[in-house]
Structure formats: C-alpha cells, structure tokens
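Colleague: Got a predicted model here, sequence first, then my questions.
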Amino acid sequence: MATFSAGSIAAVAPPARTGVVPAGAAAAPPGAAAPPPARSSVRAQRHADGQAQAPAHAPARSWGRTVLQYTPLLAVTVLAKLSLPPLGAMGLGADVPILVLATAWGLASGLLRVHRERLMMYLAMLAWLGCTQLFRDAPFSPASLLLLAALFLPLTLRLRPERGSVQRLAGAPPLARALQRMVDLAALFAALGVLQFALQHALGTRLAYPVEHFVPPAWLIQKFNTLIPLDYGSTTLKSNGVFFLEPSFFSQFMALGLLLELSLRSRPLRVLLLVAGLAVSYSGTGLIVAGVGLLGLVVVKGRWDLLLVGALVVLALVLLDDLLPLQPLLRRTSEFQSAHSSGSARFVAWVDMFDRQWWPEPARVLFGAGAGSFARHAAVARQATAEMSFSKMLFEYGVTGAVLFFGFLVAAMNSVRAPLAFRLGLCTTLLVNGAFVAFPVGIAASVLLWPARAARPSSTHRKRPTP
C-alpha cells in the first residue's frame, strides 16, 4: 500500500483561497505585496459592516414612519376638538391642516409615495368632477371642489417600504401591529368614556368634560354639539370619550375598535369594555357602523357564534332595564320616524328634497346640481335635511360623479389586508358622516399608509445557498 507523508500531501493539495499560507509553502519575501483577500471574506466583512452600521440609521427612519402613520389617527381623535383661530369660529378644526402638513412633509422627506392604482382612480374622479362643473351652465363652488381634493389626497399615499426589512411571520400583513395599537387606543377611550359617564354627577360637568370648560373657546371648534343630554331637559350628558368632538364620533370609533377586536383576538374583557363605551355614547351612528361590520363577520366569515353573544347581550339589557338608563338608547332605533330628529334629518329627509329638487331635472340626476349647492337647496327644503356624504355627492355631482367617488373609496379600502369587518365599518363611516368631515378620512389614512406587503430583504441580507 502506498504511503504519503504530510509534506507530500501539502505539496499536492492546491493552496487554500482563504488567504492563509499553507503548510510547507514559501513565505512571501519581505517588501512584497500581501495577497488579495478572498472574495468570501470580503463579502463577510461587508455584511458585518452593514449590520453594524444599519442601527445608526434605523431609529430615524422608524421614528419618521411612526409619526406619519399615527398623526392622521391622533389628529381626528385626541385633537378632534381643537382648532386654530380664526378657523374655530367657522366650524373648522386643526385636523385638516395637520393632515395636509403631514402629507406634504411625508412627500418631501421621501417617506411617502403614491399608490399607483389609488392615484389613477383619484385623478380620474377629480377630472370628471371638474369637467362636469366647467361644461355645465350652473353655478358651483371651486373652494368646495378644492377642499374635496385636498381632504382625500392622503388616501392615495402609502409609506415607502424599508430596505432590508424582513417580516417576522411569513405572509403576515405589515399593518397588523398598527391595527392592534388602534384597538388599544379604542379601549383607552372606552375606559375614559365609561368613567366620564359614571362620574359626571360626582365630579361635576366641568371636571368630567374638561376640554369644553378649560380650553379657551377661540381654540375650540364651534358649531358642533359637544355636550348633548340623554333626553330633552335631562341633566345627564352623553359620553364623548373626553376628546371626541361629538358622542357620534366617539360611538363610531368604539364600533371600529369592537370590529377589530372581534376580528383579531376576541378577548372577552376587551369586548365588554368596547361595548360599554358604545353604549354610554347613546348614539345610533355607532350602532349602524357596528351592525354593518358584524353582518360581514357573520355572513362572510361564518362567525355564527356572535349571534349567540348578541342574544345574551339583549337578554342582559332587558333584565337590567330598571338599573340602567337604556330607554334613550333604545329610542334611537325609532327616531327615523320623527321628522324633528337628527336621524330623520340625516337619513330620511333627503328623499323628499331629491323628489322635489333633483329628480325632475335629468341633467342633475346624471351630473349633479354643482359643487357646494347642497346647503343652498337644503335651506328651502320642506324638512330639515342634513348634509351627509352619500346625499351630498349624489346631489352635487350626480350619479356619474357619485359612482366614481365611492368607487375610489371602496377600491382604496380593498387595497389593504385589514379585516373585512373593519373595512366594512370604515366604509360605513365614510358614508354616514359629512363629506368634508375629517374623522373617517384620518382613520382611513392611518390604515392605508401601510404598504400591502413588507419590503423584500436587500441582497446583502439574503442567505446564499450552501455549496
């Protein structure tokens, strides 16, 4: 059998490519240039340097993205009652300027970019609405059209994906953590609303509703009913969650939080807290939002267990009728039949107004009566008619404009992976509020800013196949 010495093996084997001098090889003469390092060691060193330098830039990028994501949501909730003089006297708040400034800063800093499909639908909608105003022989308000364009512009944007970001769970939507934070915020407001309602007689109205009584009127939005009694002549006020502009907005946010909680984790105590917050608002609008979302959960997602839970809640309310002031809340379901109620003004009276001032003119049916014309025609209507999003868009821009407007909203809501019940509830808030109310737009903007998928990891972070 042939035998080999260590020296012979070293002589036959090729030199290693790691930059280490093999045994038995001659050392480089003094003054000679060192051999170039192997490519594998260079790649490893660059990878290590990149990992060492990445954290220096990550905090600033993460901070900016977090501010942009939560600014619209906080502007229409925590700062909902605040305004800037002289905007407050005109019924305008600080939320719209905050949304516009945040959008401008995000675009200038490069943290925001347009969502191509949403932007195309938005531009097509605006082009059609603008052309129908210019080519029709009817007066219109350019300011109304410009306000519409500025308010809904944030819905065409999304955050630019971070390079090198890797999802923790494959296929998990990147906005899941943000939606959970929204549920936490809703639970916080629910706790504040329940305490506000329960302690208003013990603490007094001034302490239970501090924003209305301690902030100077010039810095508050006027022309809104922030303090609403349960009934005519009642000394008990509906809860507005301390910060919300009206109990109606508080109830809608409670409904959205409830739909998210039922879709994500369904924690019993959290669900009960959100239901309690919805109840003490005594607002029917939140019940409509919750009902539409729950219908999607039951029918589309098969959550038939919610029917049993709902039956138990109704039974508990009937048993506690003598202990809790539930009659004002139950009467909200029948106020559509009263011509002097807010429910009738918002959801019923527009039918009579359309019959007399819209349907008789085919041009109005197709192309509308002109931007900003709803309030002028509502003033001469037989019944008090409130300006809602669906009725305003139909009356001012016709069937064609309304289809493009609501088609854009539906397409925008379906471009993210938020739970179906939440998307249905959010679309409902865009319908049951005024067309220029920033509350639903701010919530929608915070959700739509997240990209649909996480960014792909950069090439330096990808694992190379093992040879």
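Modeller: Structure received.
Colleague: Sketch out the low-pLDDT regions of this structure for me.
Modeller: 1-62, 162-174, 316-340, 451-467 (pLDDT under 70).
Colleague: quick one, strands of it?
Modeller: For the chain, strands defined by DSSP state E occupy the ranges 112-114, 157-159.
Colleague: Dump those strands to JSON lines, plus mean neighbour count.
Modeller: All C-beta atoms are positioned from the backbone trio N, CA, C, and that covers glycine. Putting those into JSON lines (neighbours: other C-beta atoms under 10 Å) gives the following:
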{"stretch": "strand 112-114", "mean neighbour count": "17"}
{"stretch": "strand 157-159", "mean neighbour count": "21"}
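Colleague: and the ones you listed as JSON lines, adding distance to Gly277?
Modeller: As requested, these are arranged in JSON lines below (distance: least, C-beta to C-beta, whole Å):
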{"stretch": "strand 112-114", "distance to Gly277": "32"}
{"stretch": "strand 157-159", "distance to Gly277": "30"}
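Colleague: Any idea which of those gets closest to Gly291?
Modeller: strand 157-159 (29.9 Å; C-beta to C-beta).
Colleague: other SSEs contacting that closest one?
Modeller: Strand 157-159 sits against helix 39-75, helix 95-109, strand 112-114, helix 438-448, with contacts defined as 3 or more C-beta pairs under 8 Å, 6 or more residues apart in numbering; DSSP states H and E.
Colleague: tilt between the second one and helix 438-448?
Modeller: Here helix 95-109 runs at an angle of 30 degrees relative to helix 438-448 (axes from the mean of the first three to the mean of the last three C-alpha atoms, to 10 degrees).
Colleague: How much space separates Leu192 from Thr226?
Modeller: 15 Å (C-beta to C-beta, to the nearest Å).
Colleague: ok, back up a step: let me know which of the strands of the chain is the nearest to Leu245.
Modeller: Of all the strands of the chain, strand 157-159 sits nearest to Leu245, with 24.7 Å by C-beta to C-beta.
Colleague: Just give me how far that closest one sits from the chain centre.
Modeller: 12 Å (C-alpha atoms, centre = their mean, to the nearest Å).
Colleague: what pairs with it, and is each one parallel or antiparallel?
Modeller: strand 112-114 (antiparallel) (DSSP bridges).
Colleague: Residues touching the partner strand, excluding its own?
Modeller: Outside strand 112-114, the residues that touch it by C-beta atoms under 8 Å, 6 or more residues apart in numbering are Leu68, Thr103, Gly106, Thr156, Leu157, Arg158, Leu159, Arg160, Leu449.
Colleague: ok, now with 10 Å
Modeller: 64-65, 68, 102-107, 119-120, 122, 153-154, 156-161, 449, 451 (C-beta atoms under 10 Å, 6 or more residues apart in numbering).
Colleague: Quick one: buried ones out of those?
Modeller: Buried residues within the contacts of strand 112-114, counting neighbours by 16 or more other C-beta atoms under 10 Å: 64-65, 68, 102-103, 106, 122, 153-154, 156-161, 449, 451.
Colleague: what's the burial count for Lys223?
Modeller: 9 (other C-beta atoms under 10 Å).
Colleague: Ignore what I typed, I meant Val298.
Modeller: 16.
Colleague: what's near enough to touch it?
Modeller: Trp304, Asp305, Leu306, Leu307, Gly310, Ala421.
Colleague: Tell me who's in contact with Ala104.
Modeller: Leu112, Leu153.
Colleague: make it 8 Å
Modeller: Ala104 neighbours (C-beta under 8 Å, 6+ apart): none.
Colleague: Kindly report the same for Leu199.
Modeller: Per C-beta under 8 Å, 6+ apart, neighbours of Leu199: Ala208.
Colleague: how close does it get to Arg364?
Modeller: 51 Å.
Colleague: next one: Phe244
Modeller: 36 Å.
Colleague: So which of those two has more stuff around it?
Modeller: Just comparing Phe244 and Arg364: by other C-beta under 10 Å the higher neighbour count belongs to Phe244, 27 against 23.
Colleague: ok, which stretches of the stretch 101-250 of the chain are helices?
Modeller: Counting by DSSP state H, counting those that start in this stretch, the stretch 101-250 of the chain has helices at residues 116-135, 142-152, 176-203, 205-208, 210-214, 247-264.
Colleague: the inter-axis angle of the first one versus helix 438-448?
Modeller: Yep, that's helix 116-135 we're talking about. Using the same axes, to 10 degrees: helix 116-135 against helix 438-448 is 150 degrees.
Colleague: Can you give me the buried ones in helix 116-135?
Modeller: Residues Arg118, Met121, Tyr122, Met125, Leu126, Trp128, Leu129, Gly130, Thr132, Gln133 are the ones in helix 116-135 that count as buried (16+ other C-beta under 10 Å).
Colleague: Thank you kindly, that will do.
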